[in-house]
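**Student:** heads up, no residue letters with this:
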């Protein structure tokens, strides 16, 4: 058994030795986590675009609104009134249908309210760190106009 030093110098020396061993171990672990071995913690949100078809009468005078069921976690990206609306969707599996309403901006008259199925497509970016996200599109054609 090794005798334990009780001097201040001995305790300080042992502390320095422990600190240097700990630093060496930390550098070894950190070196193994290089950019080539790790992936960034960046999430790619799923987006849903709802828009009026180009043939919609007086397309620019309408406002589109989108409502998802709460579990889908929808959030409007841009609140500017207009014929196109984009929302982020937390869980596309919960947003298979969305409620879409179309309102005349000048009179406030509702021209259409209805549930619409979303055509989702899933994309996985290439590479080891490829993120998977979904995009959905709903296009309301002229038959939905009740003007």
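**Tutor:** Alright, I've got the coordinates. This structure is a prediction, so every number in the text was calculated from the model and none was measured.
**Student:** how deep is the closest residue to residue 65 other than its chain neighbours tucked in, by neighbour count?
**Tutor:** Nearest residue to residue 65 in three dimensions, chain neighbours excluded: residue 101, at 4.7 Å (Cβ to Cβ, 6 or more residues apart in numbering). Every residue, glycine included, has its C-beta placed from N, CA and C. Residue 101 has 15 neighbouring residues, counting by other Cβ atoms under 10 Å.
**Student:** what about the strands in this structure?
**Tutor:** For the chain, applying DSSP state E gives strands covering 46-52, 62-67, 74-76, 84-89, 97-104, 110-117, 119-124, 132-140.
**Student:** in the second one, what counts as buried?
**Tutor:** In other words, strand 62-67. Judged by neighbour count using 16 or more other Cβ atoms under 10 Å, the buried positions of strand 62-67 are 62-64, 66.
**Student:** one step back: point out the most buried one among the strands of the chain.
**Tutor:** Of the strands of the chain, the one with the most neighbours on average (mean count of other Cβ atoms under 10 Å) is strand 46-52, at a mean of 21.
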